[in-house]
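A.B. asks: Can you look at this prediction? I've put the sequence above it.
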Amino acid sequence: MLVMAVVVTPSVLLSDVSSDAKQMAALVALFAGLLTFVEYNAEAPSLIEFRDAPPFNRVRLGMLFFTVFCLSVMESGRAQSTSLTDLVQAIGHLVGRSMDFPYSPVRLAKLMLAETATIEQVQAVRDAAGLAYITSLISLSVFVVMLKAGSWPMRNRVFNVWVNLPTFDPTAGDMVERLERDARINIALGFLLPFIIPFVVSLSSTGVNPDSMTASQTLIWTMTAWAFLPASLFMRGIAMGRIADMIRQIRRIQGARDEIAMARASRAF
């Protein structure tokens, strides 16, 4: 139900959404909710990672919902202004301006627009990018704090690598080394993607059509994906590094126990 609520949030908050778009959003929400239900109730996982290691996916879902909600509220203020929309727009404008410096992700996101974009369209993309990016940074900071506080993975749960990492093959080489390698790759991608995506778009074409880019739903989902995907990869890399440390610690403890057992056995002999 929460996943479905995230998908339909823009259609509910925006006033200029057609009936066909609302039906399409409802269909996508139904599919996403069904996929999540099946994944969390199946004995053998297939796609969703860290299914049995809360609150990893809860933090990611909260980040996704908060980003979509804030951007939807900000876009809804174009048609009908309220105190909430004015507040979110002011925050987005402030964050967008403060993060709009040379070579920043927000500055590069502006460069995705074609040269025909108006000042209002550039400002809309800048504010949305700044708000989405700061939301992802806050969510990432929350997860790191929870990780350092020792609340992930929960100590009262047994961490099953196969259930929580269904796409990871633990038999291909040393598990710790592969987890650390994948962690470094995910962290590097999470850091570089906000810079790479706008750069590739600006090189591959003359820029995105500003009229289509600044359409409410397109802007919301584009900026959400642009901020959510790198933060999600960053969190995945941090989580895999944490799991590698846990396995290394368990091996160390087991090795110490084996040495003690061997010493006792030799004394008894």
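C.D. replies: Ah, there it is. A quick note: this is a predicted structure, and the numbers were derived from the prediction, not measured.

A.B. asks: residues contacting Ala129?
C.D. replies: 96, 99, 105-106, 109-110, 223, 226-227 (C-beta atoms under 8 Å, 6 or more residues apart in numbering). Yep, even glycine has a C-beta here, placed from its N, CA and C like the rest.

A.B. asks: Any stretches of the stretch 51-200 of the chain with poor pLDDT?
C.D. replies: 155-156 (pLDDT under 70).

A.B. asks: of the contacts of Ala129, closest to Ala53?
C.D. replies: Ranked by distance to Ala53 (C-beta to C-beta), the contacts of Ala129 are led by Ala227 at 23.2 Å.

A.B. asks: so what's that closest one up against?
C.D. replies: Ala227 touches 67, 129, 132-133, 135-136, 194, counting by C-beta under 8 Å, 6+ apart.

A.B. asks: gap between it and Leu34?
C.D. replies: 26 Å (C-beta to C-beta, to the nearest Å).

A.B. asks: Ok, Ala129 next?
C.D. replies: If you go by C-beta to C-beta, the gap between Ala129 and Leu34 works out to 32 Å.

A.B. asks: what's the answer for Leu137, then?
C.D. replies: 32 Å.

A.B. asks: out of the two, which sits in the more crowded spot?
C.D. replies: Leu137 (15 against 12; other C-beta atoms under 10 Å).

A.B. asks: Show the contacting residues for that one.
C.D. replies: When contacts are taken as C-beta under 8 Å, 6+ apart, Leu137 is in contact with Ala231.

A.B. asks: so it is in which element?
C.D. replies: Using DSSP states H and E, Leu137 falls within helix 119-148.

A.B. asks: Quick check: next helix or strand after that helix?
C.D. replies: helix 161-164.

A.B. asks: Counting by contacts, list what the helix or strand following that next one packs against.
C.D. replies: Downstream of helix 161-164, the first helix or strand assigned by DSSP H and E is helix 175-204. Identification of packing neighbours for helix 175-204 by 3 or more C-beta pairs under 8 Å, 6 or more residues apart in numbering; DSSP states H and E yields helix 105-110, helix 216-268.

A.B. asks: For helix 175-204, buried residues please.
C.D. replies: In terms of neighbour count (16 or more other C-beta atoms under 10 Å), helix 175-204 has its buried residues at 175, 178-180, 182-183, 186-187, 189-190, 193-195, 197-198, 201-202.

A.B. asks: Could you list which residues are in contact with the residue nearest to Ala244 when sequence neighbours are not counted?
C.D. replies: Nearest residue to Ala244, sequence neighbours excluded (C-beta to C-beta, 6 or more residues apart in numbering): Leu179, at 3.9 Å. Applying C-beta under 8 Å, 6+ apart to Leu179 gives the contacts 168, 240-241, 243-244, 247.

A.B. asks: between the residues you listed, which is nearest Trp152?
C.D. replies: For these, the nearest to Trp152 is Ile243 (10.3 Å; C-beta to C-beta).

A.B. asks: What are the contacting residues of the one helix or strand Leu34 maps to?
C.D. replies: Using DSSP H and E, the element containing Leu34 is helix 19-41. Outside helix 19-41, the residues within contact range by C-beta under 8 Å, 6+ apart are 1, 3-5, 7-8, 10-11, 17, 45-48, 51, 217.
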